[in-house]
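Participant: task: produce atomic coordinates for the following.
(chains A and B)
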Amino acid sequence: MSTPALTGATPAGLRLHPLRDSATMLRRNLRRMLRYPSMTVTLVGMPVVFLLLFVYVLGGTLGAGLSGAAQVGAAGGRAAYANYVTPAIILMTVTATVQGTAISIAMDMTEGIISRFRTMNIARVSVLTGHVLGSMIQAVFSLVAVIGVALLVGFRPTASPGAWLATAGFLAAVTFALVWLSVALGQVSGSVETASNLPMPLVLLPFLGSGFVPTDSMPAGLRWFAEYQPFTPIIETLRGLLTGGPIGNNAWISLAWCAAIALGGYLWSRRLFNREPAR
Amino acid sequence: MTSTQSRPAIAVTGLRKSFGDHVVLDGLDLHVPRGTVFSLLGANGAGKTTTVRILSTLVAADAGEVRVAGHDLAREPDAVRAAIGVTGQFSALDNLLTGEENLLLMADLHHLGRREGRRRTARLLEEFDLTEAARKPASTYSGGMRRRLDLAMTLVGSPQVIFLDEPTTGLDPRSRRNMWQLVRDLVAGGVTIFLTTQYLEEADELADRIAVLDHGRVVAEGTAEELKRRIPGGHVRLRFADPQGLDAAVRVLGQATPDHDALALRVPSDGSLRSLRTLIGRLDDGAVEVDELSVHTPDLDDVFLALTGDSSDGKVTTR
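Facilitator: Okay, the predicted model is just below:
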């Protein structure tokens, strides 16, 4: 219907800029994190509290029970347990961060500004990628803080610089996958309260795996679940990279899980975002 | 260029939308010329907000053809989005950001560039009287300030067509008048405004054309004057000191409705000077003492109630 001159003139102005828009949305989200620091503090606080609890309250006894470790006395057990539990706490830091992602996505969805974004000629996915990138950056800060505390309470990694680098890359992949999953969970929840509860299983899964005690100490049914759920190979990979020990297939199994979770989370998120808003 | 000028800003034919069994829009036709203010007037639940949400690409229609700023809504939603601005009933701003940051965010999303973005933000803050509060978080703003910031954010992208969904609902009278002035300034600048409101006064003040929406249908359309003319109801009300005066007036005037309790008489009249002079002449000739005389012209309230059959609660009435 429109004249050729008009259609010829429009594309330049209509071209979408996903990278530029994502960077804008990232700036928005980082600014929001700075304005609302109590959330970040809570997100870092939880894994730190768990770390202290498990090392100082439970560590002496749990460390003594670690298989293959002929530990003498509670102090030796505690030192061994600090090394054992830190990978789980690191993973817990990631799950706490993505719980924050779900909450801030849900906060966004209940505010009118998302409707405004939807009526603007911007790359729609940038609303979500802004959150994803913001959470990734938040995760880096949280992980540095938590690993710092872990070192203070007796975590003694044996990793080489190369292994540290691999750890960083591996954690980035894990975070990326779980963040996309939370972006979907935050959208599907409909309210901030639901959004803070929905990712709870992610926080609990390290317990039902090799995070806090070896899986072979569990009863048969639970052990079967623990060995095949995605967090166990992730924790085993982290453990292998940081404190030495066999990694085996765990790295590849973990990365396959990450790819599946990231893709599923992304597709689910995109579908949820493109559905018609309720208000 | 000439074809662009003659094309309407908004053209809607046969627009339908249902949510489940509930029919919200039942074959809507609208035609809004460029550079005018068009007001969709209706009670709560008449379908005003749904119309805006469809025209602003938020929700898909079930049926009907819609062109906004010359672009087909279904086939070129991005082109429509590039041409429109929306300020809804619910404020669409980021509460954790300051007013200035909200505007700069819009400037970035419109790819204005750093300098142009800062320039436009400063100008809008000034125009909308928000300069003093520019560095405060939007969550601390009053209702009127939030609406102003909301509208300012809509204007960052210099839209051709602006949708204002009940822009003054919940505002105090002064903020409402401020908002009206802002809208008038915008129209003077050449943009097209699609305004929904439940306030007849607002439509009367601002709109070039008004469509009265009732149960998803346009029941009347025209200028405020045209709509008022469609409704009989202009009259002169006479009040008397005693029943004798009232009876005398009834004898003299004949075709009038007396109200014996209020000692008042309602005489049909178009309110013109000539008809008033005739009326007063007849009363004088009959030596009727009138205590008080008042002229009533139909206002949009009369029009609205007459056209929609008082469905202000949004319940279903028989058509």
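
Participant: mind checking how far the residue of the stretch 151-279 of chain A found nearest chain B is from residue B:187?
Facilitator: The nearest approach of the stretch 151-279 of chain A to chain B comes at residue A:276, 5.2 Å away (CB to the nearest CB). From N, CA and C alone the C-beta is placed, and that goes for glycine too. Residue A:276 sits 31 Å away from residue B:187 when distances are taken as CB to CB, to the nearest Å.

Participant: and the residue of the stretch 151-279 of chain A closest to chain B, what does it touch?
Facilitator: Remark: with contacts taken as CB atoms under 8 Å, 6 or more residues apart in numbering or on different chains, residue A:276 is in contact with B:58-60.

Participant: among these, which are in reach of chain A?
Facilitator: Here is what survives when the contacts of residue A:276 are matched to chain A using CB under 8 Å from any CB of the partner chain: B:58-60.

Participant: could you list the buried residues of stretch B:52-71?
Facilitator: B:52-59, B:61, B:64, B:66-71 (16 or more other CB atoms under 10 Å in any protein chain shown).

Participant: for that stretch, give the mean pLDDT please.
Facilitator: For stretch B:52-71, the per-residue pLDDT values average out at 92.

Participant: and that stretch, how far apart are its ends?
Facilitator: In stretch B:52-71, first residue to last residue: 16 Å (CA to CA, to the nearest Å).

Participant: where along the stretch 51-200 of chain B do the helices fall?
Facilitator: When assigned using DSSP state H, counting those that start in this stretch, the helices of the stretch 51-200 of chain B occupy the ranges B:77-83, B:99-109, B:114-127, B:143-155, B:173-188, B:200-206.

Participant: average pLDDT across the fifth one?
Facilitator: Per-residue pLDDT over helix B:173-188 has a mean of 88.

Participant: that one - contacts with which helices or strands?
Facilitator: helix B:143-155, strand B:192-197, helix B:200-206 (3 or more CB pairs under 8 Å, 6 or more residues apart in numbering or on different chains; DSSP states H and E).

Participant: what do you get for the third one?
Facilitator: Contacts defined by 3+ CB pairs under 8 Å, 6+ apart place helix B:114-127 against helix B:99-109, helix B:143-155.

Participant: now do it: distance to the chain's middle.
Facilitator: Centroid displacement of helix B:114-127 relative to its chain, using CA atoms, centre = their mean, to the nearest Å, is 29 Å.

Participant: please apply the same query to the second one.
Facilitator: The gap between the average C-alpha position of helix B:99-109 and the chain average comes to 28 Å, counting by CA atoms, centre = their mean.

Participant: show residues contacting it.
Facilitator: Contacts made with helix B:99-109 from outside it, assessed by CB under 8 Å, 6+ apart, are listed as A:21, A:24, A:27-28, A:31, A:117, A:120, A:122, B:93-94, B:97, B:116-118, B:120-121, B:124-125, B:130, B:133-136, B:138, B:141, B:145, B:149, B:152-153, B:156-157.

Participant: buried subset of these as a ChimeraX selection?
Facilitator: To isolate the buried subset of these in ChimeraX, counting by 16+ other CB under 10 Å, use the following:
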select /A:21,24,27,28,31,117,120,122 /B:93,94,97,117,120,121,124,125,130,133,134,138,141,145,149,152,153,156,157
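
Participant: okay, how far is it across stretch B:284-294, tip to tip?
Facilitator: One end of stretch B:284-294 to the other measures 17 Å (CA to CA).

Participant: contacts for that stretch?
Facilitator: B:236-241, B:245, B:248-249, B:251-252, B:263, B:280, B:283.

Participant: filter these by proximity to chain A?
Facilitator: Counting by CB under 8 Å from any CB, no member of the contacts of stretch B:284-294 reaches chain A.

Participant: among those, which ones are in strands?
Facilitator: In strands, defined here by DSSP state E, the members of those are B:236-239.

Participant: kindly reformat the helices and strands packed on helix B:173-188 as CSV containing mean pLDDT and distance to residue B:86.
Facilitator: Output for the helices and strands packed on helix B:173-188, formatted as CSV (pLDDT from 0 to 100; distance: least, CB to CB, whole Å):
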stretch, mean pLDDT, distance to residue B:86
helix B:143-155, 91, 6
strand B:192-197, 93, 10
helix B:200-206, 86, 17
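
Participant: winner for burial among the ones you listed?
Facilitator: Per-residue neighbour counts averaged over each of the helices and strands packed on helix B:173-188 give the maximum for strand B:192-197, namely a mean of 25 (mean count of other CB atoms under 10 Å in any protein chain shown).

Participant: interface residues of chain B facing chain A?
Facilitator: Of all the residues in chain B, those in contact range of chain A (CB under 8 Å from any CB) are B:3-4, B:56-60, B:70-72, B:78-79, B:81-82, B:84-86, B:88, B:90-97, B:101, B:105, B:108-111, B:137, B:153, B:157.

Participant: strands of the stretch 1-150 of chain B, start to end?
Facilitator: Listed in chain order, the strands of the stretch 1-150 of chain B (DSSP state E, counting those that start in this stretch) span residues B:10-19, B:22-32, B:37-41, B:63-68, B:71-72, B:84-87.
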